[in-house]
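Colleague: Using only what follows, build the 3D model:
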Amino acid sequence: ATKISFMNEVAQLCEKLGADVDMVRRGIGSDDRIGKRFLFPGIGYGGSCFPKDVQALTKSAQQTGYNFKILEAVLVVNEAQKIHLLPKINAYFNNNLRGKKIALWGLAFKPNTDDIREAPALQIIKELNAKGAFVTGYDPEAMENVKREIGDTIAYAENQYDALKDADALIIATEWSEFRTPDFIKIKSLLKAPVIFDGRNLFELYQMEERGFHYVSIGRKVIEIK
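Modeller: I've put the predicted structure just below:
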């Protein structure tokens, strides 16, 4: 959890400096003392283990009168990271999301599970709904759990492409394998405009530039349509 929040902070700095977080994480991960695991930036962690364990250890420290500052920062950074894309989305639409239709790929906190506990997608949905946007979500496994949690506050698509129909933009919140190799021509034909906000850095920047997408990811430069 600490490594994830650290890399998300590094990604934020990369955005300020115009650096590429992928190059930075490769450099950091090449040191065997650190290793490559959990150095991928994104929109935060969720699930049942990382949040619970960090909170429990922090609480145990508090009960002894010790201020575990690093872990408290891990929690703060992670909560903020879940909605890191929202200001970028809001700015793209000139601070007016009311009536916009947003497609959301991924609802589970990670791929290959239906677990939505502490899932960043739920926080993204809450923020978008509050701004008057309409969200259509798709997830291979987690949609029934989301329906039980938030009901009809969003629409649910039968597949990843149905979610895109007449949408103003696509947000990717979970790195399911089928999202990594989509039909980009089909994506462009279904979206009102070729706009993707990628919270998991699934695609290479040069590829998105060649394909003509407005592409916003984490800790990397924004690809704008020329």
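Colleague: Rounded mean pLDDT for stretch 153-167, please.
Modeller: Throughout stretch 153-167, pLDDT has a mean value of 98.
Colleague: err, stretch 217-225, not the other one
Modeller: Taken as a whole, stretch 217-225 has an average pLDDT of 96.
Colleague: Off-centre distance for it?
Modeller: Centroid separation for stretch 217-225 versus its chain: 14 Å, with C-alpha atoms, centre = their mean, to the nearest Å.
Colleague: got the CA coordinates for it in CSV?
Modeller: What follows is stretch 217-225, C-alpha atoms only, in CSV (Å, rounded to 0.1, in the frame of the first residue of the first chain):
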residue,chain,number,x,y,z
SER,A,217,-3.6,9.0,-18.1
ILE,A,218,-1.7,9.0,-14.8
GLY,A,219,1.7,10.6,-14.5
ARG,A,220,2.2,11.0,-18.2
LYS,A,221,1.7,13.8,-20.7
VAL,A,222,-1.8,14.5,-22.1
ILE,A,223,-2.2,13.4,-25.7
GLU,A,224,-4.4,16.0,-27.5
ILE,A,225,-6.2,15.8,-30.8
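Colleague: For the helix or strand containing residue 14, name the packing helices and strands.
Modeller: For residue 14, the host element (DSSP states H and E) is helix 2-17. Packing contacts for helix 2-17, counted by 3 or more C-beta pairs under 8 Å, 6 or more residues apart in numbering; DSSP states H and E, involve helix 21-29, helix 69-81. The way it works is simple: take the backbone N, C-alpha and C, and place the C-beta from them, glycine included.
Colleague: Save those as TSV, and put in distance to residue 105 too.
Modeller: As requested, the helices and strands packed on helix 2-17 are exported to TSV (distance: least, C-beta to C-beta, whole Å):
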stretch	distance to residue 105
helix 21-29	21
helix 69-81	18
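Colleague: Just put those in TSV and tack on mean neighbour count and mean pLDDT.
Modeller: As requested, the helices and strands packed on helix 2-17 are arranged in TSV below (neighbours: other C-beta atoms under 10 Å; pLDDT from 0 to 100):
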stretch	mean neighbour count	mean pLDDT
helix 21-29	17	96
helix 69-81	17	97
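Colleague: What segments of this protein are helices?
Modeller: For the chain, applying DSSP state H gives helices covering 2-17, 21-29, 50-63, 69-81, 86-92, 120-130, 143-150, 177-180, 184-190, 205-211.
Colleague: now what about the second one, what contacts it?
Modeller: To tie it back to what came earlier, the one meant is helix 21-29. Helix 21-29 has contacts (C-beta atoms under 8 Å, 6 or more residues apart in numbering) with 7, 10-11, 14, 34-36, 39-41, 201, 218-220.
Colleague: on that earlier part again, nearest to residue 114, of the helices of the chain?
Modeller: Residue 114 lies closest to helix 143-150 among those, at 5.5 Å (C-beta to C-beta).
Colleague: My guess is residue 166 contacts residue 101. True?
Modeller: Yes. With contact defined as C-beta atoms under 8 Å, residue 166 reaches residue 101; the gap is 6.1 Å.
Colleague: before we move on, back to that, filter the contacts of helix 21-29 to the buried ones?
Modeller: 7, 10, 11, 14, 39, 40, 41, 201, 218, 219, 220 (16 or more other C-beta atoms under 10 Å).
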